[in-house]
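Asker: Mind folding the following:
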Amino acid sequence: MAHAVLFESTPARNAIIGGHLGIVKLRFNVRVDASRSRLALVFPGGSFEALKLRSQEPADVVAADVSDLPPGHYDLKWQVLASDGHITQGDIPFAVK
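Answerer: Presented below is the predicted three-dimensional model:
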């Protein structure tokens, strides 16, 4: 059994996005239960938006569509339930210029 470990993300941690993002996507080392996983975006100024997860993704991926973001610093908060039953969470700070 293995806890979910984040392998890669779009955007990457501390990335500076130069334009349209369109989608946020996180890939883990194990299958995750998307129905019990969460993505949320914290906007500059601290407002918070829960993101609706896309349903047609591989079992080790959680993803959500994101509308155009104005320039600023953002934080993508994630929480996933791994196939071993453990919850893992983290965040991915990034900026839009």
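Asker: How about the secondary structure of the nearest residue to residue 87 once chain neighbours are set aside?
Answerer: Spatial nearest neighbour of residue 87, chain neighbours left out: residue 81 (5.5 Å); criterion: C-beta to C-beta, 6 or more residues apart in numbering. C-beta: built from backbone N, CA, C; applies to glycine. Classification of residue 81 using DSSP: H, G, I helix; E, B strand; the rest coil returns strand.
Asker: who touches residue 81 in this structure?
Answerer: Shown in contact with residue 81 (C-beta atoms under 8 Å, 6 or more residues apart in numbering): 4, 32-33, 36-37, 87.
Asker: In helices, which of those appear?
Answerer: Of the contacts of residue 81, none are assigned to helices by DSSP state H.
Asker: buried stuff in the helix or strand hosting residue 90?
Answerer: In this structure, residue 90 sits in strand 87-96 according to DSSP states H and E. Residues 88, 92, 94-96 are the ones in strand 87-96 that count as buried (16 or more other C-beta atoms under 10 Å).
Asker: how about the strands of the protein, start to end?
Answerer: For the chain, strands defined by DSSP state E occupy the ranges 6-10, 16-17, 23-28, 38-42, 48-51, 61-65, 72-81, 87-96.
Asker: Noted, bye for now.
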